[in-house]
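>>> build me a model:
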Amino acid sequence: MVKVLFVCLGNICRSPMAEYVFKDMVRKRGISEQFFIASAGTSNEEAGNGVHRGTRNKLMEFGIDTSEKRAVQLKKEDYSRYDHIIGMENSNIFAMEQIFGGDPEYKVMRLLDLVPCQRDIADPWYTGNFDKTYEDVYEGCLALLEYICKNKSW
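Just a heads-up that it's a prediction; the model follows:
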């Protein structure tokens, strides 16, 4: 089983969007049983809160329900629990490496590190642009899934 954790600052916008988009992708490919997928935030500010309405509304356009998701904070022990730990931007990577005490097994990367135009995913909490965030998250999740499927023997 491949274990994937998506991480952003608060775990209410980008990382839950990536979690649920990725879950939808693996479900549509019929390989859900091969994955454990979750998300977390580097901060505890939103812990226990539901998904931001902008993310929730954007994903509902595609029939993806996030009503059960509650924000959780990233923990040091998450490093040993997951195979791929995917941040949304460089500041998430820095915070994750602080929490984990480094990245000796090279599990940590940005979601858009596998696409031709590598970049951060802007935080829609500040930009208000959930459409652009969705486009970037979808592009990154597709690239990540292709990467995992190419490098994993089931």
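>>> just the element for residue 36, please.
Assessed by DSSP states H and E, residue 36 sits inside strand 35-41.
>>> per-residue confidence averaged over that strand?
Mean pLDDT, computed over strand 35-41, is 98.
>>> next, the buried residues of that strand.
35, 37-41 (16 or more other Cβ atoms under 10 Å). Where C-beta positions appear, they are placed from N, C-alpha and C, glycine not excepted.
>>> before we move on, what about stretch 130-143?
130, 133-134, 136-141, 143.
>>> and the biggest helix by length in the chain, what does it pack against?
Ranked by residue count, the top helix of the chain under DSSP state H comes out as helix 130-151. Counting contacts by 3 or more Cβ pairs under 8 Å, 6 or more residues apart in numbering; DSSP states H and E, helix 130-151 packs against strand 2-8, helix 14-28, helix 53-60, strand 84-87, helix 124-127.
>>> so which residues make contact with it?
Under the criterion Cβ atoms under 8 Å, 6 or more residues apart in numbering, residues 2, 4, 13-14, 17-18, 21-22, 25-26, 29, 31, 54-55, 57-59, 84, 86, 111-112, 114-115, 119, 121-124, 127 lie in contact with helix 130-151.
>>> same question for stretch 70-82.
The contact list for stretch 70-82 (Cβ under 8 Å, 6+ apart) reads 3-5, 7, 10-12, 16, 38-44, 46-50, 85, 95-96, 99-101, 103, 105, 107.
>>> what is the end-to-end distance of it?
This stretch, stretch 70-82, spans 19 Å end to end (Cα to Cα, to the nearest Å).
>>> quick one: mean pLDDT over that stretch.
Here stretch 70-82 scores 98 as its mean pLDDT.
>>> show me which positions of it end up buried.
71-74, 78-79, 82.
>>> with stretch 94-107 instead?
Within stretch 94-107, the residues scored as buried using 16+ other Cβ under 10 Å are 95-96, 99-100, 107.
>>> find the nearest non-adjacent residue to residue 1, please.
Spatial nearest neighbour of residue 1, chain neighbours left out: residue 36 (5.7 Å); criterion: Cβ to Cβ, 6 or more residues apart in numbering.
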